[in-house]
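Asks: got a sequence here, can you model it:
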Amino acid sequence: MIAADPPTSISPRSSGESVTLISHLYRGEIARMAGWRDRIDRTSNWAITATGAMLSLSLSTPTSHHSVIIFAMLLVLLLLLIEGRRYRFFDVYRRRVRALERHYFAELLDPRAAAGDAWRVSLADDLRVPRFRISLREAITRRLRRNYAWMFLILLLAWLLKITAPVLQPEGADANRDHALGSIVAGASAGALPGWLVLSFVATLYAIIVVVLLGRSPPVDVDDGRVHV
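Replies: Have a look, this model is predicted:
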């Protein structure tokens, strides 16, 4: 008995196979997107938890040093960088899902205009050679504007309160001292680091954050609509 020749093409041989292929691809990309979405949420939750814990530790007792809040700033900054990297991966799969939803499923449910084959070519190229669609800076900017800016603002206000409020100063500090610049600089010292150096560091950090927030918005891609993540 002569064995049948193997098929020369892996393309679907019927409309049913095409629908099955698209359905499996869509479910796979949804799973990938949901996985990275979960990782992003975890990083945000860690940042919120760390912020709350450090604020509670620093403001609950006068003996706690204000450097705890500075450490919280650095920790939240690190989590922001990690989340920016995760968001870049999430954006790759989000765009694939939106391409399928916009150009395939939406047109099946309510055909309005021929989308052409450009989206198929773009999706195929992305599957062959995956590439990041946004830079790390753009990803960090998005996460900073939507979540982390509020955490940094709360930490800054708490730190300023810690170094200026007499009731939150360690024992031995002059409770009647005024809030002159010299007193604030002296209260901002951390161990061997002089107060002016600590103030300069915090001012530089927040100046960078403000520049990012007030800078040009990252370009909105064609798959973005009214629902943002």
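Asks: check which helix or strand residue 56 maps to.
Replies: Assessed by DSSP states H and E, residue 56 sits inside helix 15-59.
Asks: what are the buried residues along the helix or strand bottoming out on mean pLDDT in the chain?
Replies: None of the helices or strands of the chain scores lower by mean pLDDT, DSSP states H and E than helix 181-187, at a mean of 71. Residues of helix 181-187 classed as buried: 183-187 (neighbour count, 16 or more other Cβ atoms under 10 Å). Glycine gets a C-beta too; all of them are placed from N, C-alpha and C.
Asks: centroid residue for the chain?
Replies: For the chain, the residue sitting closest to the mean C-alpha position, by Cα atoms, centre = their mean, is residue 143 at 3.4 Å.
Asks: wait, what's in contact with the residue nearest to residue 79 when sequence neighbours are not counted?
Replies: Computed as Cβ to Cβ, 6 or more residues apart in numbering, the closest residue to residue 79 that is not its neighbour in sequence is residue 47, at 4.4 Å. Applying Cβ atoms under 8 Å, 6 or more residues apart in numbering to residue 47 gives the contacts 75-76, 79-80, 83, 147-148, 151.
Asks: so which of those belong to helices?
Replies: Mapping these onto helices (DSSP state H) picks out 75-76, 79-80, 83, 151.
Asks: state the number of residues packed around residue 85.
Replies: The tally of other residues near residue 85 (other Cβ atoms under 10 Å) stands at 16.
Asks: shouldn't it be in contact with residue 139?
Replies: Yes. In this structure, residue 85 is within contact of residue 139 by Cβ atoms under 8 Å, at 7.3 Å.
Asks: coming back round to it: now, the most widely separated pair of the contacts of residue 47?
Replies: 75 and 147 (14.7 Å; Cβ to Cβ).
Asks: if we can go back for a sec, now the buried members of the contacts of residue 47.
Replies: When the contacts of residue 47 are checked for burial by 16+ other Cβ under 10 Å, the buried set is 75-76, 79-80, 83, 147-148, 151.
Asks: ok, these vs residue 92, which is closest?
Replies: Set against residue 92, the nearest of the buried ones among the contacts of residue 47 by Cβ to Cβ is residue 83 (15.3 Å).
Asks: any idea of the pLDDT on that closest one?
Replies: pLDDT, residue 83: 95.
Asks: what distance do you get for it to residue 161?
Replies: Look at residue 83 and residue 161: by Cβ to Cβ, to the nearest Å, they are 27 Å apart.
Asks: need the contact list for residue 66.
Replies: 58, 159, 162-163, 187-188, 190.
Asks: and for residue 201?
Replies: residue 70.
Asks: quick one: which helix or strand includes it?
Replies: helix 195-214.
Asks: which positions within that helix qualify as buried?
Replies: By neighbour count on 16+ other Cβ under 10 Å, the buried set for helix 195-214 is 195, 198-199, 201-202, 205, 209.
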